[in-house]
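*Asks:* 3D model of this:
(one chain, ligands or ions: 1)
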Amino acid sequence: MESSLDKFTQDLQKQIMEEVRRDYSKTVIDHWMNPRNFGKLDNPDGYGRITGPCGDTMEIFLKIKDEKIEDAHFLTDGCGTTIACGSVITELIKGKTIEQVKQITSDNLLKKIGGLPPLDEHCVVLATNTLQSAINNL
Ligand code: FES
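*Replies:* Numbering: from 1, shown residues only. Next comes the predicted model:
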């Protein structure tokens, strides 16, 4: 039999998910819940690590072949939005040339993930800056 505590918990979870769906795009929720390319790459050709003003850190690892991004991974101790940004940006750059990746801005990433609430927009900046740091480290 369902207790009133179970019902309270289910209602609360439902309410939280409704708020998440209202505030975040499907792309953000998908990559937040099922992050791609999460984890480090051994012996990367390029590596960037940045701690943003919020105190969260992102790392990006790149493998290069024939002047193109062969593989890209990321790590972060940040929030769900930061995880989504790391996941989308590493997917976005695979197969692109180094010159193409140098052109990627935080506005490009913000569009790609379907926008963010203003308070979370710095997560996009952290991911983009970390990517550019990894590219500069090649
Ligand atoms: Fe710190 Fe997202 S809250 S980068």
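
*Asks:* could you point out the longest helix in this structure?
*Replies:* When the chain is scanned for its longest helix (criterion: DSSP state H), the result is helix 4-23.

*Asks:* alpha carbons of that helix, as PDB, please.
*Replies:* Output in PDB follows, covering the C-alpha atoms of helix 4-23 (Å, rounded to 0.1, in the frame of the first residue of the first chain):
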ATOM      1  CA  SER A   4       1.500   9.300   2.300                       C
ATOM      2  CA  LEU A   5       5.300   9.700   2.400                       C
ATOM      3  CA  ASP A   6       5.700   7.800  -0.900                       C
ATOM      4  CA  LYS A   7       3.000   9.900  -2.400                       C
ATOM      5  CA  PHE A   8       4.700  13.100  -1.100                       C
ATOM      6  CA  THR A   9       8.100  12.000  -2.600                       C
ATOM      7  CA  GLN A  10       6.500  11.100  -6.000                       C
ATOM      8  CA  ASP A  11       4.700  14.400  -6.100                       C
ATOM      9  CA  LEU A  12       7.900  16.200  -5.300                       C
ATOM     10  CA  GLN A  13       9.900  14.400  -7.900                       C
ATOM     11  CA  LYS A  14       7.200  15.100 -10.500                       C
ATOM     12  CA  GLN A  15       7.200  18.800  -9.600                       C
ATOM     13  CA  ILE A  16      11.000  19.000  -9.800                       C
ATOM     14  CA  MET A  17      11.000  17.300 -13.300                       C
ATOM     15  CA  GLU A  18       8.300  19.700 -14.500                       C
ATOM     16  CA  GLU A  19      10.400  22.600 -13.400                       C
ATOM     17  CA  VAL A  20      13.500  21.200 -15.100                       C
ATOM     18  CA  ARG A  21      11.500  20.600 -18.300                       C
ATOM     19  CA  ARG A  22      10.200  24.200 -18.200                       C
ATOM     20  CA  ASP A  23      13.600  25.800 -17.700                       C
END
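
*Asks:* starting at the chain centroid, how far to the helix or strand following it?
*Replies:* Sequence order places helix 26-33 as the next helix or strand after helix 4-23, per DSSP states H and E. Here the centre of helix 26-33 is set off from its chain's centre by 9 Å, with CA atoms, centre = their mean, to the nearest Å.
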